[in-house]
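1. I'll drop the sequence and a predicted model, then ask my questions.
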Amino acid sequence: MHTGAEAPTDPMIPRLFAVRARRDETEDTFTFDLEPRDLGPRDLELLGGARSMAFAPGQFNMLYLFGLGEVPISISGDPAEAGRLVHTVRSVGSVTRGFSGLQPGQTVGVRGPFGTAWPTREAEGRDILILAGGLGLAPLRPAILRILAERRRYRRVYLFYGTRNPQMLLFRDDLERWRNTPDLAFEITVDHADITWHGRVGVITKLIAAADFDPDRSTAFLCGPEIMMHFSAEALKARGMHGADIHVSLERNMKCAIGHCGHCQLGPAFVCRDGPVFPHDRVAGLLAVPGL
Amino acid sequence: MRTLESVMIEHRFFHGLEDELTRAIAGCGKQVRFETGQYLYRQGDPADTFYIIRRGSVGLEMRGPQGNMMFNTEHPGGVLNAAWIVPPYRCSTDARALETTVAVALNGKCLRDKCEADHHLGYELMKRFVPVLVDRLTHARFQTLDVYGAGMA
Ligand SMILES: Cc1cc2nc3c(=O)[nH]c(=O)nc-3n(C[C@H](O)[C@H](O)[C@H](O)COP(=O)(O)OP(=O)(O)OC[C@H]3O[C@@H](n4cnc5c(N)ncnc54)[C@H](O)[C@@H]3O)c2cc1C
Ligand code: FES
């Protein structure tokens, strides 16, 4: 058995976590909470409890389902909440389909956290625009929770969430809370809906055109399909924002997650080490190259 | 009571328009109000009016195999029913108030006649309508891509 001091520190060796709870978000997407299996309460105390699971908003873990494989998954939990790791997964292929069957008590290997963070600290004192597309809300959720917890440090805060239809909305409790949060301009828009939907229908870029922000004192966080981030970044630039103030989170195939194997290469950058969060002006040219 | 002109100049659609032209357009307009659920127009109706929303929101719907689907909503600042400038002047969608909605309604036939008589007015109006139509087209293409479909972030 490991003691706290012996807990694995080699970034290639997964730590064992147990699924504590799981919640279905939509038909194919679910969220689960993990707690360490390799540390007892005494070990956690020695390590400073939850500090051993500390992460920065925007970072990801490599989650290993034994016998199936390992996939990069962003952390979707609250960075201020001690003692558990939260991830939200959409079932798209062999490994993530395996994750969809996870039940409380089962074991998952975790390496991480890895990668760069949303620059929430650097953005203090500025207008904030957060644009989430589809599952892109999951990697943004920790940043949203931090910004709302420290709301006074920011000027105007806009949160725009676009998804395919009302059935695909994630984190419904959060959405309800955010709808009623003063000092947060929160809008959801879907691509299409039946007539029972009372919200907005249309593309997310339409919301940018109507927002009132100071382009020279704004920071934007974008996460979603690349094409959605591209159109959104262009719409923000059309409003006068600079590429350096627009941050995007990218996804590429990953194996090692520590900058060794090259699987996640995007031109001169490694998404696992230099990203996943990049200033848009650093990657805009690379994203425009077909197939890169 | 405020005049229609004073209401119109606040609207971004009319920004920068000369006073005389605003007056000419206002001569074809009136203020209207729709309650939740009320239709502003239905697919196939004569497109004799276009609307500029001041308050509220309107859902644009089309009849599909599974009933009506909403593919766009318009909000304050939005413009509805561009079919007034395109023969045969028929509404191509249903438009339903999603909440109490206040709008400026402009008579299409009246405006078409004024634009024929004064091409400067016509050009100023087209300069405002064409970007709305191009945006709609771009947005419709974007929606066709179904970017949030399964397998993508
Ligand atoms: C930094 C980072 C953070 C991520 N965060 C999350 C997250 O929070 N939640 C989540 O569900 N997923 C996230 N992903 C994506 C996730 O890693 C992939 O969906 C997963 O690796 C797919 O593995 P699989 O074996 O299930 O599918 P595979 O069998 O490998 O692929 C199945 C299908 O999914 C497609 N696919 C595979 N990987 C991706 C990808 N990265 N993006 C889009 N399509 C893909 C393939 O083209 C294929 O069509 C993240 C990826 C990265 C790089
Ligand atoms: S995943 Fe190996 S270098 Fe990035």
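-> The structure has been received and is ready for your questions. Ligands and ions are numbered 1, 2, ... in the order given.
2. so where is the chain shaky, pLDDT-wise?
-> All of this is about chain A. For chain A, the stretches flagged by pLDDT under 70 are A:1-8, A:38-52.
3. let's do chain B instead
-> For chain B, the ranges with pLDDT under 70 are B:1, B:150-153.
4. Name the residue closest to the centre of it, please.
-> Chain B has B:L80 as the residue nearest its centroid, 1.6 Å off, counting by Cα atoms, centre = their mean.
5. which non-adjacent residue is nearest that one?
-> Leaving aside its sequence neighbours, B:L80 sits nearest to B:Y51 (Cβ to Cβ, 6 or more residues apart in numbering or on different chains; 4.3 Å). (C-beta placed from N, C-alpha, C; glycine too.)
6. The one you found against B:N81, yeah?
-> Yes: with contact defined as Cβ atoms under 8 Å, B:Y51 reaches B:N81; the gap is 6.1 Å.
7. quick one: common contacting residues for those two?
-> B:L40, B:A95 (Cβ atoms under 8 Å, 6 or more residues apart in numbering or on different chains).
8. Check which residues of stretch A:153-162 are buried.
-> Buried residues in stretch A:153-162, counted by 16 or more other Cβ atoms under 10 Å in any protein chain shown: A:Y154, A:R156, A:V157, A:Y158, A:L159, A:F160, A:Y161, A:G162.
9. Which one of these is nearest to ligand 1?
-> A:Y161 (15.2 Å; Cβ to the nearest ligand atom).
10. Tell me how far A:F32 lies from A:R252.
-> Distance, A:F32 to A:R252, by Cβ to Cβ, to the nearest Å: 24 Å.
11. Could I get the phi/psi values of A:R141?
-> phi -60, psi -40 (degrees, to the nearest 10).
12. A:F32 and A:R252 - which one has more neighbours?
-> A direct count of neighbours by other Cβ atoms under 10 Å in any protein chain shown for A:F32 and A:R252 places A:F32 higher, at 25 against 16.
13. For the stretch 1-150 of chain A, which segments are assigned as strands?
-> A:15-24, A:29-36, A:60-65, A:69-74, A:85-90, A:107-114, A:127-133 (DSSP state E, counting those that start in this stretch).
14. Establish whether the third one and ligand 1 are in contact.
-> So that's strand A:60-65. Yes: Strand A:60-65 reaches ligand 1 (Cβ under 6 Å from any ligand atom) through A:F60.
15. right, is that strand up against ligand 2?
-> No: using Cβ under 6 Å from any ligand atom, strand A:60-65 never reaches ligand 2; the gap is at least 8.8 Å.
16. between that strand and strand A:29-36, how big is the angle?
-> Counting by axes from the mean of the first three to the mean of the last three Cα atoms, to 10 degrees, strand A:60-65 lies at 90 degrees to strand A:29-36.
17. residue contacts, B:N107?
-> B:N107 touches B:C28, B:G29, B:D48, B:T49, counting by Cβ under 8 Å, 6+ apart.
18. Sorry, slip of the keys, the one I care about is A:I130.
-> A:L140, A:A143, A:I144, A:I147, A:V157, A:Y158, A:L159, A:F160, A:A220, A:F221.
19. could I get these as TSV with distance to A:L169?
-> Output for these, formatted as TSV (distance: Cβ to Cβ, whole Å):
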residue	distance to A:L169
A:L140	14
A:A143	19
A:I144	15
A:I147	20
A:V157	20
A:Y158	18
A:L159	13
A:F160	13
A:A220	22
A:F221	19
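20. between the residues you listed, which is nearest A:P166?
-> Nearest to A:P166 among the contacts of A:I130 is A:F160, at 15.8 Å by Cβ to Cβ.
21. What helix or strand is that closest one located in?
-> Using DSSP states H and E, A:F160 sits in strand A:157-163.
22. Not counting its own residues, what contacts that strand?
-> A:127-134, A:137, A:144, A:147-148, A:151, A:169-170, A:175, A:178, A:183-191, A:203-204, A:207-208, A:211, A:213, A:224, A:228, B:148.
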